[in-house]
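Enquirer: take this sequence and fold it.
(chains A, B, C and D)
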Amino acid sequence: MSPEQQRILARAAREVLPGHIVNLGIGLPTGLFPYLGSDVLVHSENGVLGCSPRGDGEPPDYDLIDSGGAYIGTVPGASFFDSSVSFAMIRRSRVDITFMGAFEVDEEGNLANWKIPGKFSPGIGGAMELAQKVPRLVILCSHNDKHGNPKILQRCRLPLTAPRCVSRIITDKAVMDVTADGLALVDIAEGLSVDELREATEATLIIDETRLGRF
Amino acid sequence: MSPEQQRILARAAREVLPGHIVNLGIGLPTGLFPYLGSDVLVHSENGVLGCSPRGDGEPPDYDLIDSGGAYIGTVPGASFFDSSVSFAMIRRSRVDITFMGAFEVDEEGNLANWKIPGKFSPGIGGAMELAQKVPRLVILCSHNDKHGNPKILQRCRLPLTAPRCVSRIITDKAVMDVTADGLALVDIAEGLSVDELREATEATLIIDETRLGRF
Amino acid sequence: MTGLADKYTSIEEAIARIPDGATIMVGGFGSPGTPFALLEELLAQGQKDLTLIKNDANEAGIGIGRLIEAGRVSRLIASHIGLNRIAIEQMNTGRMEVDIHPQGLLAEKIRCASAGHYGFLTDIGLETEIASQRQEVECDGRTWAIEPALYADFALVHAEHADRYGNLVYRAAAINFNPLVAMAAKHTIAQSYRVDEPGSLEPEAVHTPCAFISALVQVPVESSEQGWKKHVA
Amino acid sequence: MTGLADKYTSIEEAIARIPDGATIMVGGFGSPGTPFALLEELLAQGQKDLTLIKNDANEAGIGIGRLIEAGRVSRLIASHIGLNRIAIEQMNTGRMEVDIHPQGLLAEKIRCASAGHYGFLTDIGLETEIASQRQEVECDGRTWAIEPALYADFALVHAEHADRYGNLVYRAAAINFNPLVAMAAKHTIAQSYRVDEPGSLEPEAVHTPCAFISALVQVPVESSEQGWKKHVA
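Expert: Residues are numbered from 1 along each chain as shown, chains lettered A, B, ... in the order given. So this is what the prediction gives:
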């Protein structure tokens, strides 16, 4: 894992409060596991509440994976249930917070992370319902794609996962909140200037330099 | 229990085949319990598959009643489940046969057994869905009400439980099948003449005296 | 947000969250599964103008029957109230409004709320008296009745065994509507005869995962005795 | 109608009931809960032109992946097929028709069939690309998408433990879609590692009551090894 990713995860872990039920999307969000405290339960769409990472050297339980397909373990107080109950939990907002990756996020909090027409369309999975119904959706992604293009846009161009669903975006460069007025900068990465950040971002950022945190 | 009721029950028991899943309505149908073989499972709407009568002198299990409120027992292979699963069983016709009482039944197989406007309307319970969805609905009732009025009618006058739902009617006087042409007499009670039966019945009966059984 | 085990609380505190005018789902089919202790506390605390959603009205003198007799229930949504003559009397005199649904549709309307949908499309009850009360829609050339989901502010449920996070296991025919109402209401208050540490329940045997539970109280087995003894069967 | 325990049969006999052109729901989320032995028998017997309904396409070389590679699947209804490159290839070349639904809606569409309804009304996916494919209806001043139930001729499920009547208990994350498809299909064929006499399962712990099972076969634990070993994670 790169230092940038570790920075994102360390910052993201502060979003999770005691008693929270947390869903970790495939990819970077799954890396949050070791950062979480013990008084949270991790939900997985395939029907597990109370996921834990598999212990070092433990043999896999072949009946026990998370929604990304990784063999996992469980904590005391875990439960297993069918997929309809799992999504009842999601649709009735019993999952308090979810972390997801993104292809694109925009100033309105619209999210695109499931399809690139003509190039990538493996399916939707649980993303659409998690994005639409979990009260707090935090996006964890690189600020720019591998070609350096901004991922934080004025308006998403790819098919949406859900409209107006994102609460907060945490990238290697910044922490931003979706507000009624647009994207408000909360924290900026150590060593980065506000101008450099603006340069790397398509979306207009609302910036109050007197209240800016570093991470 | 009166000899007429015993006659109805003994005849009704012949409707149940090995492997059947059976639902017994409140009242007379519950009396079928001792007549059933061991290779059937009795379903109760409140969430039991595999009901048995409570053993003589056994203390009641306070968590275990049938849908009529009687304390019951269970057979090996029984299962307990929630009310939505119980009615999924009914609506998808996994319950093979159900027995119910009736206020009125008619030539089309319409059934009225839940409401007498202004006099009796305690609710619907599971009757509507059982009547509409169980493949074989057998009505067990007295042929006439306590004033001697016929209950087997040309057309039901009371609010329907379900239209065109009855397969067979077993009374103290006759066994009748609902057919495309109307009510066909199958069996007639010992000692009763066809004319006496016609007299006691409002519905027109299709009668082939050469093929009539006695019970 | 408080800790996972902090929902384990006193019965007074749990029931005090319910205001006048609340809509409350209640588990149980007849006596089994009825949360008698929670209902007694609700009676004692005095909340009024309640809308109750339960399969039945229990019987006169027990369970929600006692709330009805005390004049605290302005509306009851149920499937069958035939075992409670006082509920029938209040319905007939207009003292209490009563909405009756077929039992399986009542279960589905509650379950539909747990899934977060608006409603479902059914053919149950077409060509009967209940059809006239429902919006209909045409799909694939047939007519279907729209049954809206039933949502509620609170649910009261009875479990046999729980852990301190609020994972619940029910027993025998006391399951009935309990897992459904537990998932459908905004705040679910559970009573359990036994409450143990997390890890004491088989994860596959949990009927209601703790995510759906807002408050959990332990009650003595004797708290159900009143219901058992008066039950007519 | 045969006896209650007569559904316990051989895998050859159970799968031989499936004709060409059948619509088959398959339990499992990834490898856990996938009925590998039943799928191998289906591959061996040669039924073709199948419509499969499963959360995913397993992975290349295992489970329904093998039926897809053998050209036996003309249509797949799923939520995500990203772990099976051959399924994606067949989708892209048009060899296999693929319908994608959000995972929770897929689960609900299947559950809705188990309840015997036409469909349900949801707000999931409004204002997204999937909205254009759905009939909508106005209720209480808001727009809702109609999601029709998904029915099927057959379901194939994997259980950990069963009794001879076909009562099923699943294990851990192998529960997933199994109880849903088991109740939704017209004929459900179950495989189980362990099959015991009726009475050997706790009645409250049964996930799928035997009323929903048409055929039951016992399979060795080793029959899943192929899936386990090839699973990428």
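
Enquirer: what about the longest helix in chain C?
Expert: The single longest helix within chain C, with elements called by DSSP state H, is helix C:103-114.

Enquirer: buried residues in that helix?
Expert: C:103-114 (16 or more other C-beta atoms under 10 Å in any protein chain shown). Glycine gets a C-beta too; all of them are placed from N, C-alpha and C.

Enquirer: which residues touch the next helix-or-strand element following that helix?
Expert: Along the chain past helix C:103-114, the next helix or strand (assigned with DSSP states H and E) turns out to be strand C:119-122. By C-beta atoms under 8 Å, 6 or more residues apart in numbering or on different chains, the residues outside strand C:119-122 that reach it are C:105, C:108-109, C:112, C:137, C:139, C:144-149, D:112, D:115-121, D:139, D:144, D:146.

Enquirer: can you give me the neighbour number for residue 132?
Expert: By default, I'm working from chain A. Number of residues near A:Gln132 (other C-beta atoms under 10 Å in any protein chain shown) recorded here: 25.

Enquirer: look at chain C instead
Expert: 7.

Enquirer: helix/strand/coil for it?
Expert: Following DSSP: H, G, I helix; E, B strand; the rest coil, we place C:Ser132 in the helix state.

Enquirer: what about the residue nearest to C:Ile11 when sequence neighbours are not counted, which SS state?
Expert: Spatially, and ignoring its direct neighbours in sequence, C:Ile11 is nearest to C:Val217 (4.5 Å; C-beta to C-beta, 6 or more residues apart in numbering or on different chains). Under three-state DSSP, C:Val217 falls in the strand class.

Enquirer: quick one: terminal-to-terminal distance for stretch C:53-72?
Expert: From its first residue to its last, stretch C:53-72 covers 14 Å (C-alpha to C-alpha, to the nearest Å).

Enquirer: picking up where we left off before, help me see whether the longest helix of chain C makes contact with chain A, please.
Expert: Yes: Helix C:103-114 comes into contact with chain A (C-beta under 8 Å from any C-beta of the partner chain), by way of C:Ser114.

Enquirer: using CSV, list the CA coordinates for that helix.
Expert: Only the C-alpha atoms of helix C:103-114 are listed here, as CSV (Å, rounded to 0.1, in the frame of the first residue of the first chain):
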residue,chain,number,x,y,z
GLN,C,103,-53.1,-11.8,7.8
GLY,C,104,-50.6,-12.6,5.1
LEU,C,105,-50.9,-9.1,3.5
LEU,C,106,-50.5,-7.5,7.0
ALA,C,107,-47.3,-9.5,7.3
GLU,C,108,-46.1,-8.5,3.9
LYS,C,109,-47.0,-4.8,4.4
ILE,C,110,-44.8,-4.8,7.5
ARG,C,111,-42.0,-6.7,5.7
CYS,C,112,-42.2,-4.3,2.8
ALA,C,113,-41.4,-1.5,5.2
SER,C,114,-38.4,-3.4,6.5
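
Enquirer: if we can go back for a sec, now the buried members of the contacts of strand C:119-122.
Expert: Buried among the contacts of strand C:119-122 (16+ other C-beta under 10 Å): C:105, C:108-109, C:112, C:137, C:144-149, D:112, D:115-121, D:144, D:146.

Enquirer: my guess is the residue nearest to C:Ile11 contacts C:Tyr193. True?
Expert: No: counting by C-beta atoms under 8 Å, C:Val217 stays clear of C:Tyr193, with 10.9 Å between them.

Enquirer: more neighbours: these two, which one.
Expert: The neighbour comparison of C:Val217 against C:Tyr193 (other C-beta under 10 Å) goes to C:Val217, with 23 against 18.

Enquirer: which ones are touching the more buried one?
Expert: Counting by C-beta under 8 Å, 6+ apart, C:Val217 touches C:8-11, C:14, C:37-38, C:189-192.

Enquirer: my guess is A:Leu9 is in a helix, correct?
Expert: Yes: counting by three-state DSSP, A:Leu9 is found in a helix.

Enquirer: ok, now how distant is it from D:Gly21?
Expert: Distance, A:Leu9 to D:Gly21, by C-beta to C-beta, to the nearest Å: 50 Å.

Enquirer: who has more neighbours out of these two?
Expert: Neighbours were counted for A:Leu9 and for D:Gly21 using other C-beta under 10 Å; A:Leu9 has more, 21 against 12.

Enquirer: and chain B, is the longest helix of chain C touching that?
Expert: Yes: using C-beta under 8 Å from any C-beta, we find that helix C:103-114 touches chain B at C:103-108, C:110-111.

Enquirer: so which of these reach chain D?
Expert: Restricting these to those near chain D by C-beta under 8 Å from any C-beta leaves C:Glu108.

Enquirer: from the residues of helix C:103-114 next to chain B, which single one is nearest chain B?
Expert: Nearest to chain B among those: C:Gly104, at 3.0 Å, using C-beta to the nearest C-beta.

Enquirer: who's in contact with that closest one?
Expert: Taking C-beta under 8 Å, 6+ apart as the criterion, C:Gly104 is in contact with B:45, B:83-84, B:86-87, B:90-91, B:126, B:129, C:124.

Enquirer: try 10 Å this time
Expert: Each residue near C:Gly104 by C-beta atoms under 10 Å, 6 or more residues apart in numbering or on different chains is listed here: B:45, B:83-84, B:86-91, B:124-126, B:128-130, B:132-133, C:79, C:122, C:124, D:115-116.

Enquirer: re the thing from before, need the residues of helix C:103-114 next to chain B in CSV with pLDDT and distance to A:Phe215, can you?
Expert: As requested, the residues of helix C:103-114 next to chain B are exported to CSV (pLDDT from 0 to 100; distance: C-beta to C-beta, whole Å):
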residue, pLDDT, distance to A:Phe215
C:Gln103, 98, 56
C:Gly104, 98, 54
C:Leu105, 98, 53
C:Leu106, 98, 52
C:Ala107, 98, 49
C:Glu108, 98, 48
C:Ile110, 98, 45
C:Arg111, 98, 44
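
Enquirer: of the residues of helix C:103-114 next to chain B, closest to chain A?
Expert: Nearest to chain A, judged by C-beta to the nearest C-beta, of these is C:Arg111 at 8.6 Å.

Enquirer: does the closest one touch C:Met25 like I think?
Expert: No: using C-beta atoms under 10 Å, C:Arg111 is not in contact with C:Met25; the gap is 11.4 Å.

Enquirer: give me the neighbour count for the nearest residue to A:Cys51 once chain neighbours are set aside.
Expert: What sits nearest to A:Cys51 in space, not counting adjacent residues and going by C-beta to C-beta, 6+ apart, is A:Val42, at 4.1 Å. A:Val42 has 26 neighbouring residues, counting by other C-beta under 10 Å.

Enquirer: give me the neighbour count for residue 141.
Expert: Just so you know, I chose chain A. Residues near A:Cys141, counting by other C-beta under 10 Å: 23.

Enquirer: should've been chain C
Expert: Neighbourhood size, C:Gly141 [other C-beta under 10 Å]: 5.

Enquirer: for the chain, just list every one of the helices.
Expert: Looking at chain A here, since you left the chain open. Along chain A, counting by DSSP H, helices occupy A:3-13, A:83-91, A:127-133, A:194-199.

Enquirer: chain C was what I was after
Expert: Going by DSSP H, chain C shows helices at C:11-16, C:36-45, C:64-69, C:85-93, C:103-114, C:178-184, C:225-230.
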